[in-house]
Each structure stands twice: as structure tokens, then as C-alpha cells.
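> Dropping a prediction and its sequence here:
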Number of protein chains: 2
Amino acid sequence: LIASRIAERGGVSVLIVGERLNTSRKEVNEAVQGRDALYVQEDSRRQVAAGADLVEVNAGSRRFSETEDLAWLIEEVQRAVPDARLCIDSSNPSTFEAIIGLARNRPMLNSVTAERARMHAMLPLLSRGGCDVIALCVDDQGIPKSVAQSMEVASRLVAELEDAGVSRERVFLDFALTALSTDSQAVPNTLHILRHLAGELPGVGTVCGLSNVSFGLPRRRLLNRTFLALAMEAGMSAAICDPLDPDLMATVLATDALLGRDRRCQRYSRAYREGRLLGQGSDVKEKS
Amino acid sequence: LIASRIAERGGVSVLIVGERLNTSRKEVNEAVQGRDALYVQEDSRRQVAAGADLVEVNAGSRRFSETEDLAWLIEEVQRAVPDARLCIDSSNPSTFEAIIGLARNRPMLNSVTAERARMHAMLPLLSRGGCDVIALCVDDQGIPKSVAQSMEVASRLVAELEDAGVSRERVFLDFALTALSTDSQAVPNTLHILRHLAGELPGVGTVCGLSNVSFGLPRRRLLNRTFLALAMEAGMSAAICDPLDPDLMATVLATDALLGRDRRCQRYSRAYREGRLLGQGSDVKEKS
């Protein structure tokens, strides 16, 4: 599966979902508020140039205008990077319904859950096909309390989506990674799930929002990129992250090289020649 | 086992073996040649301050004076950091025999192998007790050609050492990690071995020389530290590395925090307050 994903994209072994265009960030909120198209276009272009496969848009913090703001964001992102895919983030099924038609290039919807009402509202949209979907492993009882419960919710989600005609290759399971500052076993449990999923639900994708893991701790990017390396080894297929963090993208390239997922280390070496492995204080001084 | 090692040392979950004092490095060779005690003492102090548990000494490049040079290095390192342990690196059993008496604090010897002559010469020394030993998984047939062969050599080494009275807790297996530039499966195979060893040979330690992995590639420190995170997750108990690389030590602390091996992230947070998580270009700009 990982090999086929690499072949499909000619890129690294993990799909990079760029998370920057979220109105919960002050700068982005101002850009959306003022319809600053240049800001959105420039940010999209930089994300894709840095390696984003999908550009995520989220206007959830603007609850009275979310749908029209998302529609505007989608148009501007597509104007700037017509070949990139969009990941549309909303907790509101009717928002998806209203804007799904605007997105070209098979968008990814973030997200459906196993909550009855949300699943019920999302299924018709998903059955029509044409998009991937992030399936967040929470149900009406909330976030699962154990690895076994998470796997149970995951199986239920995949079965229900498949029954509605959504093939599992289009599904990316999100196990609602919690902050390690509140649960010291959050990462070991996630790695355990990622490792066992290939056997339990072969063909299903997985995704993590990296920054969740470091909430409440200093040097968040150090934690995020170190987690990314571990999760890639465990088989994670997509990461929601900031592609403009050069150390993060360097870690992706290094991890692929280390894991034998980069033939003759060609991508790694090319990135070095193009100056894309910079950003590391001590490495730059290194003779190499 | 990992927990007991942490408890024993009050530190991170991986033993840090500082590899700097090796006469194959030009500066060190000059210091040894000129008996520059201050250089050796200063370097040792900095390594231990940065988190080295053991300070390695190696004078193998000076073949006509290796024994007396090592004896001098051991004295100077012990003068500078009397509480640290030494790791003595030589391929010459008679050198170990001559200098073992100089090392206080249970030294680690690097290394014994499954080669008949070397094993035969090392066993009397090791049976007398009082030191740990790195057991390099090579035999008279050379470096094992498969994971199964590596495990077979490892079992043979441990059995032979135990027969001679060397308890497995004193043994650190080194699987002769090869460069990923020459073997794309070097790291996956090593991680596989590390993961299965706990079941196959419970209680035995493992060690990797990190820099082997990146030989022939640019930005070696990026590869070394990313490999370290993966190997720690897979259960590696000791790393031979450069503790003066701040990004490397930050990765050790981040990995322990992520893996739930740092209660309430206390070591990680203390390191942050003490400025020991610096070194990352983009992190330093980060608001955190």
C-alpha cells in the first residue's frame, strides 16, 4: 500500500496535508475577513512548493459565515495551485453539502465520525463518490478509552462507510491523538494501533494531526517532527501538519531514506542539493 | 528492563556513549600525540555535561602505541570526570588485558565478537567480571547476511558469554549496522531485530553506532538523530554517538517524552528551562 501510494504521487511515503489556512489563526482570520486573496494564494503556493499534497482550509471559528468563507478560500486556493488537492475541514455536514461542488481534484473531507447524526448526514454526500474522507474515531460515547475500543470504532466506521459504497481506499482513519501532556501513553497507543491496522483493516489509510501531540509543552515542533518519524515507521499514511516547517519536511525525507522508501536516497540527495535539508542549526555547520 | 535502566541512572532511557575521543579524528590524534591533557579533560567534561553516560576512548589508528595511548587517555578522562564510566574501544584483546586495571567504575569493553580467536582471547578477561561488554555480531564468516543469521550469531554470542560466567545483563549486542547508502534495508532490518530481541534474548542490551547509518550521505546528523528516535522506540538500550550535538540530545529527550518514558515530561521540561532544547533553527523562532 505504501509503495503504491509513493508510485501514485512520485513523492514521499506520507501524504502531507498543509494545515495553515485555518481561521483559528489570527493572520488567516484577518485575511479571510478582509478577503485578502493574495495572502491565501501566496500561502497556498508556498505550502505546495514545500511539499504539501493537499491544502487544508478551515473556517470553523467563523460560525456565522463558515460556508461562504470556505467557498471563497476554496476558490482562491484553486486559483493559486490548480493541481493541488484540497482538504476541507468542517464539523458541519451541511457546509460540506453546500461547497463540495466547488472543489476539483478529488478533495478530502475532514471529517465524518461514528456519531449517529453526523454519519447519517454525511453518508449521502460520501456515497456520491468523488472524494476521500477522514473518519475520526469517536462515536456518541466520545473518544474511545482504550486501544481495543478505538479499533472497534474504526472497524464500525469502515464497515458503515463501505456499506454506503465508500471504498476503504478513500478512508483515512484519525484516532484522535491526544496530547502527551495529558496522556503519557497517547503516542505508544497510537503507534500500536497504526502497526496493527494493516492486518486488521488492510487498505484503509490513517492520518494524524501532528500538533495535537505537543499541546501544552515547549518546543512543539521538535516533538511534532519526532512523532512524525515514529508514526511513519509505524505505517501512518497521511499527516496534517505545517509544510513550511523546514525541519519537519527534512525529517520526512530522512525517515523515508532510513526506512528504504527512497530508492538510492535519490529524493533525499536531491533535496540536499536544492537546499531543502537546511534549517538545522548544528547540521549546517557540519562538514557532512 | 528499560524502566530499570532509567531508575538505575535517573536519566534518559538510552545509555549515551560519547564517541568523540577517537584518534581517527585529526584533533584527537594531535592531542594524544602531544599529550595535551587539557584537551582530553575539557572534551570529557563537555560530553558528560551534555549527557554522556560513558566516555569512549579509541586509539586504534595509532597501532604502534595504542596500549600506552589508551592508558594515558583513560587516566586523563578519569581525572576530569571521575564519576563517569569509560567505554574502551579496541580490536586487540591484549590491549584490554594491559589496561583494564586502570579503569574504575565498571568500564564497557568494545568489543568481543563471535570470531573464534578473538572470543578465546577475550573470555578470560570477561570471566573475571567487573565490566560490561559490547558483543559485535560478526563471526569468522564475516557480517551476517540476513536477519535470521544475525539472530543466530547473537544467540551464540550470548550463550558462549553466559557459559563463561558473563551474565547477559552485562552484554550489549551490536548488530553491525551498515550504511543505508549501501543497503536500503539496513534500518528496517535493525529495527526488526531490536523489536524481536526482547522476546528472543530477554535481558540482553543492544547498542548501535549511530553514525554508521549515514555514511556517504549529506546532513549526516539529521539521519543519525532520526534513526536514533526510531531505534529508541524499537527498544535499543545504548547509542554510540556525539553528545555534543544539541539536536541529537534534544531528540533523545523528545523521544522519551513521546514514548511515555519521562514522567510528566519532567526531564523534557527541565531541559527546556535550562536551554538544552536549543539548536533547532526553526524551533527557536517558534513562539511555543
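Yep, it's here.

> if I pick A:Gly165, what's in contact with it?
Contacts for A:Gly165 were tallied using Cβ atoms under 8 Å, 6 or more residues apart in numbering or on different chains; they are A:127, A:129. No exception for glycine: its C-beta is placed from N, CA and C like everyone else's.

> can you pull out the strands in chain A?
A:15-22, A:54-58, A:85-89, A:108-113, A:132-136, A:171-174, A:205-209, A:238-241 (DSSP state E).

> What separation do you get for the residue lying closest to A:Cys131 once chain neighbours are set aside and chain B?
Among residues not flanking A:Cys131 along the chain, A:Pro107 sits closest, at 5.1 Å (Cβ to Cβ, 6 or more residues apart in numbering or on different chains). Here A:Pro107 is placed at a distance of 29 Å from chain B (Cβ to the nearest Cβ, to the nearest Å).

> Tell me how many other residues crowd whichever residue of the stretch 51-200 of chain A sits closest to chain B.
Here the stretch 51-200 of chain A gets closest to chain B at one residue, A:Ser184, 3.9 Å apart by Cβ to the nearest Cβ. A:Ser184: 17 surrounding residues under other Cβ atoms under 10 Å in any protein chain shown.

> Who are the contact partners of it?
By Cβ under 8 Å, 6+ apart, the residues touching A:Ser184 are B:260, B:263-264.

> most surrounded residue in those?
Neighbour counts for the contacts of A:Ser184 (other Cβ under 10 Å) peak at B:Gly260, which has 16 neighbours.

> What separation is there between it and chain A?
Taking Cβ to the nearest Cβ, one finds B:Gly260 at 4 Å from chain A.

> Now do the phi/psi pair for that residue.
Note on B:Gly260: its backbone torsions stand at phi 70, psi 30 [degrees, to the nearest 10].

> Is A:Ala114 in contact with A:Val153, as I believe?
Yes. Applying Cβ atoms under 8 Å, one finds A:Ala114 in contact with A:Val153, separated by 5.3 Å.

> quick one: the residue of the stretch 51-200 of chain A closest to chain B from A:Ile143, how far?
Distance, A:Ser184 to A:Ile143, by Cβ to Cβ, to the nearest Å: 16 Å.

> do A:Arg270 as well
Distance, A:Arg270 to A:Ile143, by Cβ to Cβ: 41 Å.

> Hmm, A:Asp69 is touching A:Arg62, no?
Yes. Contact criterion Cβ under 8 Å: A:Asp69 and A:Arg62 qualify, at 5.3 Å.

> The two: which has the busier surroundings?
Each of A:Asp69 and A:Arg62 has its neighbours counted (other Cβ under 10 Å); A:Asp69 has more, 23 against 17.

> Grab the nearest non-local neighbour of that one.
Here the residue nearest A:Asp69, using Cβ to Cβ, 6+ apart, is A:Ala59, at 3.9 Å.

> Count the residues that sit near the one you found.
A:Ala59 has 26 neighbouring residues, counting by other Cβ under 10 Å.

> List the backbone torsions phi and psi for it.
Dihedral angles for A:Ala59 - degrees, to the nearest 10 - are phi -120, psi 30.

> how much space between the nearest residue to A:Asn224 once chain neighbours are set aside and chain B?
Closest residue to A:Asn224 apart from its sequence neighbours, by Cβ to Cβ, 6+ apart: A:Leu210 at 4.4 Å. For A:Leu210, the distance to chain B equals 11 Å [Cβ to the nearest Cβ].

> what's the answer for A:Arg276, then?
For A:Arg276, the distance to chain B - Cβ to the nearest Cβ - is 10 Å.

> could you list every residue that touches that residue?
A:246, A:249-250, A:253.

> what about 7 Å?
The contact partners of A:Arg276, taken as Cβ atoms under 7 Å, 6 or more residues apart in numbering or on different chains, are A:Met249.

> what does A:Ala239 give?
A:Ala239 sits in contact with A:14, A:16-17, A:207-208, A:210, A:228, where contact means Cβ under 7 Å, 6+ apart.

> From the residues you listed, pick the one nearest B:Leu161.
A:Leu228 (38.6 Å; Cβ to Cβ).

> Low-confidence ranges, chain A, go.
Along chain A, segments meeting pLDDT under 70 span A:1-10, A:279-288.

> again, 50 this time
For chain A, the stretches flagged by pLDDT under 50 are A:1-10, A:280-288.

> Where is the longest helix in it?
In chain A, taking DSSP state H as the definition, the longest helix is helix A:147-163.

> does any part of that one sit near chain B?
No. On the criterion Cβ under 7 Å from any Cβ of the partner chain, helix A:147-163 is out of touch with chain B, staying 13.6 Å away.

> Which elements pack onto that helix?
Using 3 or more Cβ pairs under 7 Å, 6 or more residues apart in numbering or on different chains; DSSP states H and E, the elements in contact with helix A:147-163 are strand A:171-174, helix A:186-200.

> the inter-axis angle of it versus strand A:205-209?
Angle, helix A:147-163 to strand A:205-209, by axes from the mean of the first three to the mean of the last three Cα atoms, to 10 degrees: 120 degrees.

> in helix A:147-163, what's buried?
By neighbour count on 16 or more other Cβ atoms under 10 Å in any protein chain shown, the buried set for helix A:147-163 is A:147, A:150-151, A:153-154, A:157-158, A:161.

> same question, stretch A:30-38
Result for stretch A:30-38 [16+ other Cβ under 10 Å]: buried residues A:31-32.

> Let me see the residues that make contact with it.
Contacts for stretch A:30-38 (Cβ under 7 Å, 6+ apart): A:23, A:39-40, A:59, A:62, A:69, A:72-73, A:76.

> That stretch: end-to-end distance?
Start-to-end span of stretch A:30-38 (Cα to Cα, to the nearest Å) is 12 Å.

> repeat for stretch A:31-40
Start and end residues of stretch A:31-40 are separated by 7 Å (Cα to Cα).

> Quick check, A:Val17 in contact with A:Cys87.
Yes. At 5.0 Å, A:Val17 counts as touching A:Cys87 under the criterion of Cβ atoms under 7 Å.

> Now the common contact residues for these two.
Residues touching both A:Val17 and A:Cys87 (Cβ under 7 Å, 6+ apart): A:54, A:56.

> which residues does the residue most central in space within chain A contact?
The residue lying closest to the centre of chain A (Cα atoms, centre = their mean) is A:Ile240, at 3.0 Å. By Cβ under 7 Å, 6+ apart, A:Ile240 lies in contact with A:17, A:19, A:56, A:207-210.

> repeat that for 6 Å
Residues in contact with A:Ile240 (Cβ atoms under 6 Å, 6 or more residues apart in numbering or on different chains) are A:17, A:19, A:209.
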